[in-house]
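J.: Curious how this folds, go ahead:
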Amino acid sequence: MPAEWAAHDRCWMAWPCRAALWGEGLEPARRAYAAVAKAIAGFEPVTMLANGEDLADAAALCGDQVACRAMALDDSWMRDIGPSFVTDGRGGLAAVAWGFNAWGEKFHPYDQDAAVAKALLGDLGVRCFSAPLVLEGGSIHVDGEGTLLTSEECLLAANRNPALGREEIEELLRRHLGVKAFVWLGQGLQDDDTDGHVDNLACFVRPGVVMTVVCDDPADPNHPVLQDNLMRLKKARDARGRELEVVELPLPRERRYVGDQRLALSYANFYIANGGIVMPSFGDEQDAAARDIVADAFPDRRVVQVPASDILVGGGGIHCITQQQPRP
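T.: Down below sits the predicted model:
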């Protein structure tokens, strides 16, 4: 599996449609998705999948720079329902279709989302490897040199693969993604519906360098969790035996809630595009500082911030709603 910073042929997204999840936030979410799609389209081609009845509205909001394509959907988290593309180093492209159970049976129905990866690969004529593993793409991140970053809370959760232990899961990831070494973080952000997806916590910036979210408020429940993850990264080694250089990225200062559930706001939930970074802003005092840190970490890419609060209402961020197709 190539690193996200490798060249892409396209970015895939999916149009919000689960009314029971979004409620009154559905139309604001659609506008926010369109804004993200248009920002990414400034760097690389983007295709938005949408239910047939939503296709015209998606095309109208996304504009001419974003292609729209009909696909049966339950909702809109392309990182988690889409395929994970892999390359063979000789110009060949294939992809892994993981099992999908709506983040541990949290939302129903999900049968159409569970079929998206195979349906899309069939349309593209791309070889599909069906993995006997329930996994969402937002729960893993790779450096393209054999190292995979993930979290114990998610991959070892009983609501995903109760019959599989750490060693069995690692072996399936080795076989399907070509990885050799694993960096395991612990827990995820408070109230995160994904059960600790790593794309809210940390990501590789380049081989040997990882960016991780930290919290400077000892009273915040996320503080000890993120400190533990930071310590794990400082002790870790990658597939080539290197100690990791760690770049720290702050959490937004303001805590936000839907009802009594805290939203998992994270600046690490960004998309690495061809020549650019599309990252969230939240109208928070940390927005500018986070942007500067990301820009320093990716000096060869232009950073664009897109307001993402309306996406977070549904339980995810910019990385969660995107899926890159690498250029083999």
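J.: Strands along the stretch 101-250 of the chain, start to end?
T.: Along the stretch 101-250 of the chain, the segments classed as strands by DSSP state E, counting those that start in this stretch run 127-134, 141-142, 147-151, 181-185, 202-206, 209-214, 245-250.
J.: Turn those strands into JSON lines, including distance to residue 301.
T.: The way it works is simple: take the backbone N, C-alpha and C, and place the C-beta from them, glycine included. Shown next, in JSON lines, are the strands of the stretch 101-250 of the chain (distance: least, Cβ to Cβ, whole Å):
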{"stretch": "strand 127-134", "distance to residue 301": "30"}
{"stretch": "strand 141-142", "distance to residue 301": "17"}
{"stretch": "strand 147-151", "distance to residue 301": "20"}
{"stretch": "strand 181-185", "distance to residue 301": "23"}
{"stretch": "strand 202-206", "distance to residue 301": "11"}
{"stretch": "strand 209-214", "distance to residue 301": "13"}
{"stretch": "strand 245-250", "distance to residue 301": "15"}
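J.: Compare those strands and give me the one nearest residue 259.
T.: With Cβ to Cβ as the measure, strand 209-214 is the member of these nearest residue 259 (23.6 Å).
J.: Partner strands of that closest one, with direction?
T.: Using DSSP bridges, the strands paired with strand 209-214 are strand 202-206 (antiparallel), strand 245-250 (parallel).
J.: List the buried residues in that strand.
T.: 210-214 (16 or more other Cβ atoms under 10 Å).
J.: Could you do stretch 189-200 as well?
T.: For stretch 189-200, by 16+ other Cβ under 10 Å, it's 189, 192-200.
J.: chain center to it: distance?
T.: 11 Å (Cα atoms, centre = their mean, to the nearest Å).
J.: Do me a favour and get the end-to-end distance for it?
T.: 7 Å (Cα to Cα, to the nearest Å).
J.: ok, and what's touching that stretch?
T.: Contacting residues not belonging to stretch 189-200 are listed as 79-80, 103-104, 106, 136, 138-141, 149-154, 157, 159, 185, 187-188, 201, 213, 221-222, 225, 261-264, 266, 268-269, 315-317, 319-320 [Cβ atoms under 8 Å, 6 or more residues apart in numbering].
J.: From residue 114, how far out is the closest residue to residue 295 other than its chain neighbours?
T.: Distance criterion Cβ to Cβ, 6 or more residues apart in numbering; nearest residue to residue 295, sequence neighbours excluded, is residue 303 at 4.6 Å. Residue 303 sits 34 Å away from residue 114, going by Cβ to Cβ, to the nearest Å.
J.: packing partners for the helix ranked longest in the chain?
T.: In terms of residue count, the longest helix belonging to the chain (DSSP state H) is helix 26-41. With contacts taken as 3 or more Cβ pairs under 8 Å, 6 or more residues apart in numbering; DSSP states H and E, helix 26-41 sits against strand 8-14, strand 46-50, helix 55-62, strand 271-273, strand 276-281, strand 302-307, helix 309-312.
J.: can we see that at 7 Å?
T.: Helix 26-41 sits against strand 8-14, strand 46-50, helix 55-62, strand 276-281, strand 302-307, helix 309-312, with contacts defined as 3 or more Cβ pairs under 7 Å, 6 or more residues apart in numbering; DSSP states H and E.
J.: sorry, back to before: what's the most buried one of the strands paired with strand 209-214?
T.: strand 202-206 (a mean of 23; mean count of other Cβ atoms under 10 Å).
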